[in-house]
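S.K.: this one's sequence-less:
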């Protein structure tokens with residue numbers, strides 16, 4: 001009897017790259033890759049926050065909205081050009097990476113990052129007021145793909161389901177020598 005996998009509901013960025021297209025991206029990048037196969041999906045956690053920023057320069061008020069993301073595994077921040085869209089979906093719980101960073105810590109990381117950017121770019125006369133007006137957890141899908149090369153080697157890659165970017169994964173490789 002097959003064991004049922006537990007499902008969880010998450011908010012995820014919409015996929016722009018299908019499973020089939022992800023495999024083809026790798027096959028097109030290297031003539032030595034003869035085929036690829038997805039062996040798992042990985043949902044990577046981010047906190048996405050929208051901040052209202054108020055600052056003043058030379059007596060002029062400068063207000064704006066800034067979107068920021070925080071990688072909840074490595075605690076790295078990034079600016080986001082526009083309010084992200086998301087889709088609610090049910091996924092297998094084991095496909096969701098655990099968060100290493102809680103929401104409050106992530107919000108503080110984002111707030112500090114926004115403050116640094118505003119101070120560096122605008123050089124305001126006084127400390128800007130930065131207020132979080134919205135935040136939520138969003139997950140980005142990566143495909144873990146195993147590829148076989150023409151010489152018989154098996155390699156692992158992660159392919160981003162939004163941009164199609166890929167990274168080699170060194171799974172089970174001993175780099176100590």
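M.R.: Here it is on my side, so go on. Nothing here was measured: the structure is a model prediction, and the numbers come from that model.

S.K.: how close does residue 23 get to residue 41?
M.R.: Distance of residue 23 to residue 41, given as C-beta to C-beta, to the nearest Å: 13 Å. To be clear about C-beta, it is placed using only N, CA and C from the backbone, and glycine gets the same treatment.

S.K.: So if I had to pick from these two, which one is more boxed in?
M.R.: Legend: neighbour count by other C-beta atoms under 10 Å for residue 23 and residue 41, higher for residue 23 (21 against 17).

S.K.: Which secondary structure elements does the helix or strand hosting the more buried one sit against?
M.R.: Taking DSSP states H and E as the criterion, residue 23 maps to helix 19-29. When contacts are defined as 3 or more C-beta pairs under 8 Å, 6 or more residues apart in numbering; DSSP states H and E, helix 19-29 packs onto strand 33-57, strand 129-149, strand 154-160, strand 166-169.

S.K.: Switch the ones you listed over to JSON lines; also include mean pLDDT.
M.R.: Rendered in JSON lines, the data for the helices and strands packed on helix 19-29 read as follows (pLDDT from 0 to 100):
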{"stretch": "strand 33-57", "mean pLDDT": "89"}
{"stretch": "strand 129-149", "mean pLDDT": "94"}
{"stretch": "strand 154-160", "mean pLDDT": "93"}
{"stretch": "strand 166-169", "mean pLDDT": "90"}
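
S.K.: In TSV: those strands, plus distance to residue 16.
M.R.: TSV is the format used below for these (distance: least, C-beta to C-beta, whole Å):
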stretch	distance to residue 16
strand 33-57	15
strand 129-149	10
strand 154-160	9
strand 166-169	14
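
S.K.: how near is the most centrally placed residue in the chain to residue 55?
M.R.: Residue closest to the average C-alpha location in the chain (C-alpha atoms, centre = their mean): residue 140, at 5.0 Å. To residue 55, residue 140 is 31 Å away according to C-beta to C-beta.

S.K.: Cheers, nothing more for now.
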